[in-house]
Structures are given as C-alpha cells and as structure tokens.
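K.L.:
Here is my input, please return the structure:
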Amino acid sequence: MERAAAELFRPLGLLTLTDDGAGVQSKADHARAIANGLSLVLECNGERAGFAMGEPRDLDVYLQEIDVHPDFQRRGLGAILLNAFIEVVRARGAASVILSTFRHVPWNAPFYAKHGFAELPQTDYRPWMRAIEQEQAKMLDLSTRLFMRRTL
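P.N.:
Presented below is the predicted three-dimensional model:
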C-alpha cells in the first residue's frame, strides 16, 4: 500500500523508489507503532485502503506516515484517517502532532494546512527533527520539505 501510494511522487521527481524497500517504513517501524498504539488501518468495503502510523516524541506524537492506496484516493479517506489519528493522539494527552512533508505537493503540506497544521519554523526544530532531516537528506532534497505541527 505504501509503495503504491509513493508511486504518485515518481513523476514529480521528488522520491526515488527502489526494489530493495528503501524509502518505505520498515517492518520494525510498523511493529513499534503498533506496540505504541499509534498504528491505524482504514478499511473500505472490507479492503485495506490506508494506514497511519506514528511514534511518541517527548510530549508530542510524530506522524511518520499516512497513506491511502491509489485505488481509494479522492474520496476523503485521507482526511478520515488523519482525523482518527489526531483523536487517538488527543486521547493519549499529547500536546501536538508533528509531521514532515513535501512543501508544494497538493496532497501534502496544503492538505495538512487545511486540517489545522502550520509550518514549524526551523528555529523551533528539536534534535529529533534534525535527526529525521539527516535521514531524509540521504534520499530527498530538503528544500522541498518542511515540518508542520497541529497543537491539540
């Protein structure tokens, strides 16, 4: 599902997908999200249509990944999944949800802005965000990226 959704970035030249699984969340990342109670799967008509996963970071939760399979996109399912994730995080008592995304891709930063997320100034980046940037720099042009936060 994640690889299929990521294919939408290929024509934009923003993401390089390889056959070895680089650029997608590892099984260990998924297992950690499940163990932390921060893994959601969205089903539509009995089929897995999307997922969201995150990890606790200090008083916040980092939304690592949210994907809707291309066969189920453009139906509002991404918004449903995002709102469900936010409700889970709010119930945990987190202060905010933080994510890293593409700045100008319509279904990335503009989508999140529509749902209450705001760009986080680089001066407010925490050490763990800098570490994520270092990892992203191995595969992505960081000038296309930003962190966003929604306070709960």
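
K.L.:
quick one: secondary structure of the one residue sitting closest to the centre of the chain?
P.N.:
For the chain, E65 is the residue whose C-alpha lies nearest the centre (C-alpha atoms, centre = their mean; 2.9 Å). Look at E65: counting by DSSP: H, G, I helix; E, B strand; the rest coil, its state is strand.

K.L.:
In this structure it contacts F51, no?
P.N.:
Yes - look at E65 against F51 with C-beta atoms under 8 Å: they come within range, at 7.4 Å. Every C-beta, even on glycine, is put in place using the N, C-alpha and C of the backbone.

K.L.:
Would you state the helices of this protein in chain order?
P.N.:
In the chain, the helices defined using DSSP state H lie at 2-6, 27-35, 77-92, 109-114, 127-136.

K.L.:
Make TSV out of those and add mean pLDDT, distance to R149 and mean neighbour count.
P.N.:
Listed next are these as TSV, based on pLDDT from 0 to 100; distance: least, C-beta to C-beta, whole Å; neighbours: other C-beta atoms under 10 Å:
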stretch	mean pLDDT	distance to R149	mean neighbour count
helix 2-6	62	23	16
helix 27-35	87	19	13
helix 77-92	95	12	17
helix 109-114	93	10	16
helix 127-136	93	10	13
